[in-house]
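have a look at this prediction, sequence included:
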Amino acid sequence: MADVAEEMDLQVEAKNQKEMDLAKMRHSASHVMAQAVLEKFPDAKLAIGPAIDTGFYYDFDLPRTLTPEDLDGIEQRMKEIAAEGHEFQRDEIPRDEAVEFFKDQPYKLELIEDLPDDEVISRFTHDSFVDLCRGPHVENTSKIGHVRLLSVAGAYWRGDEKRPMLQRIYGTAWPTEQELEEFLQRLEEAQRRDHRRLGRELDLFSVSEEIGAGLILWHPKGAMVRHLVERFETDEHLKRGYNIVYTPHIASEAIYKRSGHLETYSENMYKPMDIEGSPFYLKPMNCPGHVMIFNSDVRSYRDLPVRYAELGTVYRYERSGTLHGMLRVRGFTQDDAHIFCRPDQLQGEIAGVLDLAMYFAEVFGYEFEIFLATRPEKSIGSAENWEAATTALSDALKSKDLVYKVEEGEGAFYGPKIDIKFLDSLGREWTGPTIQVDFNLPERFDANYIGEDGNRHRVAMIHRTVLGSMERFVGGLIEHFAGAFPVWLAPVQALVVPIADRHGEYAMSVADRLRTAGLRVEVDDGSDRMQAKIRRGQMQQVPYMLVVGDKEAEADAVAVRLRSNENLGAMPIDDFVGNANQVIESKSLELMP
RNA sequence: GCCGAUGUAGCUCAGUAGGCAGAGCAGCUGUUUCGUAAACAGCAGGUCGGCGGUUCGAGUCCGCCCAUCGGCUCCA
């Protein structure tokens, strides 16, 4: 038993080894791809070609833009090179020789220039292709795995928009054909779940060119999902001692001067509008408003902590090319809150937020990963404050027995933070809760409280969100559940399906009873055959389809079909209502108790 | 914003060589009244993303603009 930890270590090591092998294989595949590209375009300038989580890429400066047909040809040639089994050979060369050797490759020259003086410069050669590379590589080109080229995209040299735009070819490589197929199927599955596609198919939301890019129109069904999430969110906050506040959507320039947003955040703020000669801004953040509420009165240490929560709608400028469905928008509603407390209350307050975050993760069925970001190089606030706040964050995490990873220097300039990433049912990461300690705003707004000693003290401030924004969160939910929301969130929970016209009246009476019992119900009283009605219900991911015909009308029953394709047969209406309400009240992810 | 691609009916898409704008699904009307994932027939539906240009004639060719999609973070 003593060896459990050791066993775990071995597993971690094995996992790391596997990842390294995969990266080695993929990076080697990128070299083979570069050879194929260079054969096709002898004048190509090579940039970099690393392995990434999903495969690999290589950036090229080419005489013309690539087409999908080019990719087919390049992939074909890669397979030939792989079949020929050329050995990867490493050699080291002095810096001046490297400069001479890569004299026609400006990007490689720049890379060499940036290498530290004492760095060994190495090349890898296979067949006719030589690349500046640290390695490592697989032994020969036959070991690059099962490769598929995926897409071509623009990418700035070194990610810098002031530098040349290169062409990047993305590919993936896997040890076996089967793993490649599984990966491609996961890609398809992700496409099938895309919230933009499901948003249209399930009539949840849309974006109108005439309203404007990056601005979400919530249709009744999507709005219902959002409403239910918000209601749950609000109830939980009230239970946990938060006070709800509302702050305006626009505010005068003065406040953003004082908060510092005009200095540090103006890139994301819209141009001001003129109100009787004074500039007003659309609010990009809710914090200044909450601070003003805190400052509207003298606060005693006995009043603290104060927790202001707002489903606050903010508007931020995002560059047109970065917009993405509901996930990256220009106007969105945060489930925002600011906690004002004494420094000695920080840890407890942070623990409270963690508790809430963990509860939400559980209810929505997300796994999660936690990151603690510490003081960056450029920062404000005293070393003692940073130390105390960072300790409060980590102690709060420890008090909840939560495992976390420290990200040194990744905190905001105004304070350390905890970032929690939700992992959805496909294992993909989503922005989750964040908890930030803020040293900046209390200073700028002189936010304080009267202590036991009768003196003024600087208040401690926590900025936190649990769901992020309603747009991003609901967009994430759509993909997480592939549109099949748990019953408590389903916009339509039950679809009553009369078999023939003569059952219409009974169907209506069933629907009325269910509505009275609090369920969201629709009746499909069209002249389609039952099969067609069920099909529509299935495609709309309605959890319960209630078929009613002669037998059911006679027995005061409904025949319950679940969207999981299970047919439960006839059930007294009261039994169905009891079951459904149990599922709904418990926010179960199952369809039946 | 930048690179590339795309934009035709509510949705998915076809449209050949520049010569009267099409299909399936959805919608509407009628027939059918049916027991667990698509009944049958008919009808209607379009500023071909927008603006400008070339042409006798533009969905098709050219220019500008808008929007959408894939990227621009994973650093030999």
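Done, it's in. These figures come from a predicted structure and were not determined experimentally.

per-residue confidence at the residue in the stretch 251-400 of chain A that RNA strand B sits nearest to?
Nearest to RNA strand B, among the residues of the stretch 251-400 of chain A, is residue A:321, at 2.1 Å (Cβ to the nearest atom of the strand). (Glycine included, C-beta is placed from N, CA and C.) We note a pLDDT of 89 for residue A:321 in this prediction.

which SS state does it fall under?
helix (DSSP: H, G, I helix; E, B strand; the rest coil).

check contacts around the residue of the stretch 1-150 of chain A found nearest RNA strand B.
As assessed by Cβ to the nearest atom of the strand, RNA strand B sits closest to residue A:133 within the stretch 1-150 of chain A, at 3.0 Å. Residues near residue A:133 by Cβ atoms under 8 Å, 6 or more residues apart in numbering: A:31, A:122-124.

residue A:59 belongs to a strand?
Yes: the assignment for residue A:59, made by three-state DSSP, places it in a strand.

quick check: it touching residue A:167?
Yes: with contacts counted by Cβ atoms under 8 Å, residue A:59 reaches residue A:167, the gap being 7.1 Å.

the two: who's more crowded?
Comparing residue A:59 with residue A:167 by other Cβ atoms under 10 Å, the one with more neighbours is residue A:59, at 25 against 20.

how about that one: which residues does it bridge to?
According to DSSP bridges, the residues that bridge with residue A:59 are residue A:168.

residue contacts, it?
Contact partners of residue A:59, counting by Cβ under 8 Å, 6+ apart, are A:46-49, A:107, A:155, A:157, A:166-168.

neighbours of the residue of the stretch 51-200 of chain A found nearest RNA strand B, how many?
Going by Cβ to the nearest atom of the strand, RNA strand B is nearest to residue A:159 of the stretch 51-200 of chain A, at 1.6 Å. Counted with other Cβ under 10 Å, the neighbours of residue A:159 add up to 7.

per-residue confidence at residue A:374?
On pLDDT, residue A:374 comes in at 93.

contacts only, for it.
A:386, A:390, A:406-411, A:416.

top of the residues you listed by neighbour count?
Ranking those using other Cβ under 10 Å puts residue A:416 first, with 30 neighbours.

what pLDDT does the model give that one?
Per-residue pLDDT puts residue A:416 at 94.

which residues touch it?
A:372-375, A:386, A:389-390, A:393, A:436-437.

buried set for stretch A:114-124?
In terms of neighbour count (16 or more other Cβ atoms under 10 Å), stretch A:114-124 has its buried residues at A:121, A:123-124.

ok, longest helix in chain A?
helix A:4-40 (DSSP state H).

re earlier: which ones, among the contacts of residue A:133, also lie beside RNA strand B?
residue A:122 (Cβ under 7 Å from any atom of the strand).

which bits of the stretch 51-200 of chain A sit near RNA strand B?
A:51-53, A:65, A:111-112, A:115, A:119-122, A:131-134, A:151-156, A:158-161, A:165, A:167-168, A:196, A:200.

among the residues you listed, which are located in strands?
Of those, the ones assigned to strands by DSSP state E are A:51-52, A:122, A:131-132, A:151-156, A:165, A:167-168.

which among these end up buried?
The neighbour-count test (16+ other Cβ under 10 Å) marks A:51, A:131-132, A:152, A:155, A:167-168 as buried among these.

farthest pair in these?
Distance extremes for these: the farthest pair is A:132 and A:152 at 22.9 Å, using Cβ to Cβ.

one step back: just flag the most distant two among the contacts of residue A:133.
Within those, A:31 and A:122 form the most distant pair, 13.1 Å apart (Cβ to Cβ).

tell me how chain A divides into domains.
A:19-192, A:200-247+A:286-480, A:487-585 (automatic domain parsing).

and the residue lying closest to residue A:115 once chain neighbours are set aside, what does it touch?
Spatial nearest neighbour of residue A:115, excluding adjacent residues (Cβ to Cβ, 6 or more residues apart in numbering): residue A:121 at 6.5 Å. When contacts are counted by Cβ under 8 Å, 6+ apart, residue A:121 touches A:92-95, A:98, A:112, A:115, A:132.

same thing but at 10 Å, please
A:91-99, A:101-102, A:111-112, A:115, A:132-134 (Cβ atoms under 10 Å, 6 or more residues apart in numbering).

swap in residue A:347?
A:341, A:388-389, A:391-399.

ditto for residue A:215
Neighbouring residues of residue A:215 by Cβ under 10 Å, 6+ apart: A:207-208, A:315, A:323, A:329-332, A:471.

following the chain onward from whichever strand or helix holds residue A:395, which element is next?
Secondary structure from DSSP states H and E places residue A:395 in helix A:383-399. The helix or strand immediately downstream of helix A:383-399 is strand A:405-407, counting by DSSP H and E.

tell me what that following strand is packed against?
Applying 3 or more Cβ pairs under 10 Å, 6 or more residues apart in numbering; DSSP states H and E, we find strand A:405-407 packed against strand A:367-373, strand A:417-423.

does the helix or strand just after the last one reach RNA strand B?
Counting by DSSP H and E, the next helix or strand C-terminal to strand A:417-423 is strand A:429-438. No: interface with RNA strand B: strand A:429-438 contributes nothing (Cβ under 7 Å from any atom of the strand), its closest point being 10.6 Å away.

and if you look at stretch A:328-341?
No: Stretch A:328-341 is not in contact with RNA strand B by Cβ under 7 Å from any atom of the strand; minimum separation 8.7 Å.

any idea of the mean pLDDT in that stretch?
Mean pLDDT, stretch A:328-341: 96.

name the residues of the stretch 401-550 of chain A found near RNA strand B, please.
Selection of the stretch 401-550 of chain A residues close to RNA strand B by Cβ under 7 Å from any atom of the strand yields A:499-502, A:527-532, A:534-535, A:538-539, A:545, A:547, A:549-550.

in strands, which of the residues you listed fall?
Among those, the members found in strands (DSSP E) are A:545, A:547.

who touches stretch A:66-75?
A:32-37, A:39-41, A:60, A:62, A:64, A:147-153, A:167-171.

oh sorry, the question was meant for stretch A:298-306
A:241-243, A:290, A:293-294, A:297, A:338-342, A:344-346, A:348-349, A:352, A:447-453, A:456-457, A:459-460, A:462.

change it to 8 Å
Contacts of stretch A:298-306 (Cβ under 8 Å, 6+ apart): A:241, A:243, A:294, A:339-342, A:345, A:349, A:448-452, A:457, A:459.
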